[in-house]
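*Asks:* I would like to see how this sequence folds:
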Amino acid sequence: APINASNPCSEYMFLDDSACNLASLNLMRFRSADGEFDTEAFRHAVDITVTAQEIIVGNASYPTPAIERNSHDYRPLGLGYANLGALLMARGLPYDSDAGRAVAGAITGLMHGQAYATSARIAAQLGPFAGYERNREPMLNVIDMHKGSVQGIDPTLVAGDLMAAVRETWSRARTLGGEYGYRNSQVTVLAPTGTIGFMMDCDTTGVEPEIAIVKYKKLVGGGMLKLVNQTVPEALTRLGYPTVEVKKIIDYIDEHETIEGAPGLREDHLPVFDCAFRPARGARSIHYRGHVRMMAAVQPFLSGAISKTVNMPPEATEEEIAETYLEAWKLGLKAIAIYRDGCKRSQPVNTGMRAETGVSLIPAGARRRRLPDERRSLTHKFSVAGHEGYITVGMYDDGSPGEIFLVMAKEGSVVSGLMDSFATAVSLAIQYGVPLKDLINKFSHVRYEPSGYTRNPEIPFAKSITDYIFRWLASRFLSPEEAAALGIQKTIQDNGLTTTETAGAEVASPSGVVSTAGTVSATGSGSPSAYDAGRAIGRNGSHTMAVPPTGTSHQAFDNQSDAPPCSECGSTLIRSGACYKCTNCGATAGCS
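*Replies:* Coordinates of the predicted model:
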């Protein structure tokens, strides 16, 4: 039957109304201690994976009866691999080189031969696929063509044990297949592995080379993810660079986002680190014909096709693109995809944060960090000029605040509703990444009525309810240094065991039991912050006993430690000799 179409990625080309069961192996996981390719481990992994894929064919569900029938009759599989580009780089081999292509061909040949040998062994027990007998001679001819392609691999460029394993595997695959047939009509393809490659911790996907030593991946939900190749240090070591020089080169890459011009790097080693795209601050890349030649080196050892992008530079012409398609056909490729860098307004991977035109990339949208359904919380009762209220702070697992709730005890519906809406807006700002200290800096010392004295010795006077709320948040969730930088007084105790309470502060423990914290000293020391909020929580929901403060108390802003509030504007006065003065409105206390 003719092949009329392929799957969207173009690696699976088979009968209409059929499905392929794909799987991929991470080649970098099959290296021995000396860095050589472990052929026995690789063959064993192929055995296990093909067996599992074969089992899945009979147990999977299919979208239509026709697809189910053809899948059961022909049982096609699609074993492949990922991280070839990283493997070659780690071995010190340029992707676009005869040695690189020889190693890639040998590994692909070993995978393909072992997959068919496993399929033949399964057929010895369960029988070949249903369509085998009427296709026996054509299929064995195809197997002979695969086996004969092994002779095209230059043995002088491949390790002896790998080349011997390829020959032995294909000999066994042909012998077993001639006797028992094959359980599967197809066994291998090379899928793109664009998503699963990240899950497998691959530097490169499928048969692709590295896109760039340093690249930026655009995320679906917004934002950019910086990806740095992890294979470069190993490649430098393999090439003979001492540890000190390796570190210098890596530091250079971190700073310049390219390896070109790195101190101590030999010019003849640059091809090892050539990538698909030219770096933003470099001039080298793999020529597009190098991509096509690599595909031609591995195509003879695949049942299906190769899903791979042939990357062409922005200046590529229509004639060059046409020639590339023609060359791919001449080399016997079943599929090819061409991408000219920069041809789309937005592409998933870039070599830099700034386009070559000098136009900045669109900044990523903010992403909301939601709190878990069950979260720790801290509830604080306060009073400003006799107006009572409650602040409840919901915290992330790390103890940082993620939401606040405000309830005014005796206010009318308008004020209560406004404060609740304000708390919701602040909560959303925090969850979308606005730093708490920026919110505190903006809203602390805001002045409006009601203002006046409080029952909290740490904040004796509040200029407004908003002022009190954010200065209280600063006292609980900012370090003393951060609070001081914002001009907010925060008390530090030498005795870290002192437990505090601010006028009836209540803490909700993780178990949901509300416990009351101990008594605060007159200076308000030891109040729980984001990094020790758990200290104020009763272990079993029980009341925490008050611990008398011991040791010497030290005040931030010592010149304000006993300063009263300004009678004119409410700001904290600053000592000036034997008097106090207000830096906000200019009023003085006791002096003229």
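
*Asks:* how about the longest helix anywhere in the chain: buried residues?
*Replies:* What stands out as the longest helix in the chain, according to DSSP state H, is helix 98-126. Within helix 98-126, the residues that count as buried by 16 or more other Cβ atoms under 10 Å are 99-123. Using the backbone N, CA and C atoms, a C-beta is placed for each residue, glycine as well.

*Asks:* Could you do stretch 460-471 as well?
*Replies:* Neighbour-count burial for stretch 460-471 [16+ other Cβ under 10 Å]: 461-471.

*Asks:* Closest to residue 581 out of those?
*Replies:* residue 461 (16.5 Å; Cβ to Cβ).

*Asks:* and the buried residues of stretch 460-471, which of them are in strands?
*Replies:* The strands in this structure, assigned by DSSP state E, contain 461-462 from the buried residues of stretch 460-471.

*Asks:* In helices, which of the buried residues of stretch 460-471 appear?
*Replies:* With DSSP H as the criterion, helices contain 465-471 from among the buried residues of stretch 460-471.

*Asks:* Just send those back as TSV, with distance to residue 87 too.
*Replies:* Output for those, formatted as TSV (distance: Cβ to Cβ, whole Å):
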residue	distance to residue 87
465	63
466	60
467	62
468	62
469	58
470	55
471	58
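
*Asks:* between these, which is nearest residue 137?
*Replies:* When those are compared against residue 137 (criterion: Cβ to Cβ), the nearest one is residue 470, at 83.0 Å.

*Asks:* who's in contact with that closest one?
*Replies:* With contacts defined as Cβ atoms under 8 Å, 6 or more residues apart in numbering, the neighbours of residue 470 are 439-440, 443-444.

*Asks:* let's see 10 Å
*Replies:* Listed by Cβ atoms under 10 Å, 6 or more residues apart in numbering, the contact partners of residue 470 are 404, 426, 436, 439-446, 464, 486, 488.

*Asks:* List the residues that contact residue 98.
*Replies:* For residue 98, the contacting residues are 154, 156-157, 293, 297, by Cβ under 10 Å, 6+ apart.

*Asks:* From those, keep the buried residues only.
*Replies:* 157, 293, 297.

*Asks:* so what's residue 23 bridging to?
*Replies:* residue 79 (DSSP bridges).

*Asks:* what's the neighbour count on it?
*Replies:* Using other Cβ atoms under 10 Å, the number of residues around residue 23 comes to 19.

*Asks:* Check what pLDDT it gets.
*Replies:* pLDDT, the model's per-residue confidence, is 96 for residue 23.

*Asks:* which stretch of helix or strand covers the nearest residue to residue 101 once chain neighbours are set aside?
*Replies:* In this structure, residue 101 finds its nearest non-sequential neighbour in residue 297, 3.9 Å apart by Cβ to Cβ, 6 or more residues apart in numbering. Residue 297 is part of helix 288-298 when elements are defined by DSSP states H and E.

*Asks:* Measure how far that helix is from the centre of its chain, please.
*Replies:* On the basis of Cα atoms, centre = their mean, to the nearest Å, helix 288-298 is displaced by 30 Å from the centre of the chain it belongs to.

*Asks:* so what does that helix touch, helix or strand wise?
*Replies:* Using 3 or more Cβ pairs under 10 Å, 6 or more residues apart in numbering; DSSP states H and E, the elements in contact with helix 288-298 are helix 84-90, helix 98-126, strand 309-312, helix 318-330, strand 337-340.
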